[in-house]
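Novice: just to be clear, the model below is a prediction. Sequence and coordinates:
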Amino acid sequence: MQISPQQVLDALKNVEDPDLKKDLVTLNMIKDLKIVDHHISFTLELTTPACPMKDMLKNACTNAVKHFVLADAEVEINVTSRVTQPTNSSSLDNIKNIILVSSGKGGVGKSTVASNLAVVLAKDGAKVGLIDADIYGPSVPTMFDLVDAKPSAEETPDGKTKILPIEKFGIKLLSLGFFADPGQPVPWRGPMASNAVKQLFNDTNWGELDYLIVDLPPGTGDIHITITQSFPISGAVVVTTPQQVALADTHKGLAMFRMPGINIPVLGVIENMSYFTPAELPDNKYYIFGNGGGRKLAESFDVPFLGEIPIIQSIAEAGDNGKPVALNQNPQLDVIFGDIASKIAQQISISNAQMANC
Ligand SMILES: Nc1ncnc2c1ncn2[C@@H]1O[C@H](COP(=O)(O)OP(=O)(O)OP(=O)(O)O)[C@@H](O)[C@H]1O
């Protein structure tokens with residue numbers, strides 16, 4: 001019996017993307033379908049390379065074809081991705097998604113999260129950029145061993161000058177720190193800082209990016225207002241530590257994203273420095289700063305809790321040594337950062353799909 005493409009597509013209509021709540025055929029995720037005798041091959045095009053359900057969807061497709069078409073069919077599925085973007089992304093066409101990483105308080109690990117998130121998404125195969133917009137203490141030059149780096153510029157055919165981001169570990173990087181002398185304090189005035197940050201977006205040749213991650217200054221200030229009101233933002237991630245003082249400030253930071261003039265989707269809360277595990281007691285977790293505060297905060301705003309990151313010496317050392325820890329082979333941290341990055345990418349895909357359906 002000759003299998004027809006329609007038979008295969010009808011079978012795949014039984015496989016639903018649990019996040020986007022539609023079947024894979026309706027979502028136009030099945031491409032390049034080929035049938036030779038009992039051999040059926042196609043491409044499954046996901047909305048992010050960091051999709052946490054990659055294997056589950058692949059298995060479900062194979063099972064659907066075998067169940068509805070032919071039990072002994074040979075099914076070959078090539079998984080790729082085409083990252084989606086919000087329907088309102090007008091001003092920065094070649095940048096699909098801008099993700100803000102924020103914190104209510106300084107020193108809670110916002111830059112650590114932003115850098116490692118960039119590393120994990122790039123390792124998954126996404127095109128990633130990272131802007132360090134922290135006017136008070138830009139950390140990206142240190143965390144990527146680029147303290148003396150100075151970005152170059154190029155002239156475009158229409159006579160404009162564009163900054164070229166610095167590329168390291170597969171990530172395109174720009175930091176306000178690249179434009180100041182290391183060790184010299186820069187007393188930014190509000191409008192000056194806002195203009196400088198806008199240039200990092202507008203006057204830079206980013207090329208095509210799936211995700212542009214922005215490491216914001218701590219708190220809620222001019223830079224937050226400028227960025228949220230000038231650019232189409234896919235969503236914000238909020239980093240906190242478990243202490244009450246940090247949680248109280250994070251509460252304010254989260255509330256800011258919900259304010260009417262700002263109104264940015266909050267992708268979730270990450271709790272950093274959650275617990276400590278001594279090397280000699282690897283199964284023990286000591287919640288030295290308190291337990292469950294980040295999760296409760298996420299619940300009170302009805303946003304996802306994205307995960308707990310433990311206090312680990314190698315995280316601090318990696319940051320100081322200029323190579324984010326996600327680049328090292330550390331099975332425990334690979335799982336933690338991998339899971340957080342997948343959840344963020346997943347939330348963006350959901351939010352983009354919801355916007356498209358509105
Ligand atoms: N989970 C962790 N375990 C150990 N050290 C950590 C952890 N998270 C962050 N650190 C270290 O804590 C310090 C502060 O982290 P980081 O610079 O990421 O915070 P931040 O919120 O961006 O700070 P700032 O407000 O100054 O921008 C850094 O030295 C970093 O390496």
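Specialist: Received it, and whenever you're ready, just let me know what you need. Numbering: from 1, shown residues only.

Novice: contact partners of the helix or strand residue 172 falls within?
Specialist: According to DSSP states H and E, residue 172 maps onto strand 171-175. Contacts with strand 171-175, where a contact means Cβ atoms under 8 Å, 6 or more residues apart in numbering, come from 118-119, 122, 128-132, 138, 140-141, 144, 146, 151, 163, 165-167, 200, 204, 206-207, 209. In short, each C-beta sits where N, CA and C put it, glycine included.

Novice: now, of the residues you listed, which are buried?
Specialist: The neighbour-count test (16 or more other Cβ atoms under 10 Å) applied to those identifies 118-119, 122, 128-132, 138, 140-141, 144, 146, 151, 163, 165-166, 200, 204, 206, 209 as buried.

Novice: in helices only, show me those residues.
Specialist: Using DSSP state H, the members of those that fall in helices are 118-119, 122, 140-141, 200.

Novice: farthest-separated two in those?
Specialist: Distance extremes for these: the farthest pair is 119 and 200 at 19.7 Å, using Cβ to Cβ.

Novice: surely residue 98 is in a strand?
Specialist: Yes: secondary structure of residue 98 (DSSP: H, G, I helix; E, B strand; the rest coil): part of a strand.

Novice: what ranges does the stretch 151-300 of the chain have for its helices?
Specialist: With DSSP state H, counting those that start in this stretch as the criterion, the stretch 151-300 of the chain has helices at 190-202, 222-230, 244-257, 293-301.

Novice: how far out from the middle of the chain is the third one?
Specialist: Here helix 244-257 is found 21 Å from its chain centre; the criterion is Cα atoms, centre = their mean, to the nearest Å.

Novice: do the same with stretch 66-82
Specialist: The chain centroid and the centroid of stretch 66-82 are separated by 30 Å under Cα atoms, centre = their mean.

Novice: could you do stretch 7-22 as well?
Specialist: That offset, for stretch 7-22, works out to 26 Å (Cα atoms, centre = their mean).

Novice: kindly report the same for stretch 166-185.
Specialist: Computed by Cα atoms, centre = their mean, the chain-centroid distance of stretch 166-185 equals 20 Å.

Novice: list the buried residues in it.
Specialist: For stretch 166-185, burial by neighbour count (16+ other Cβ under 10 Å) applies to 166, 168-169, 171-178, 180.

Novice: can you lay out the residues you listed as TSV showing pLDDT?
Specialist: TSV is the format used below for the buried residues of stretch 166-185 (pLDDT from 0 to 100):
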residue	pLDDT
166	97
168	97
169	96
171	98
172	98
173	97
174	96
175	94
176	89
177	89
178	90
180	79
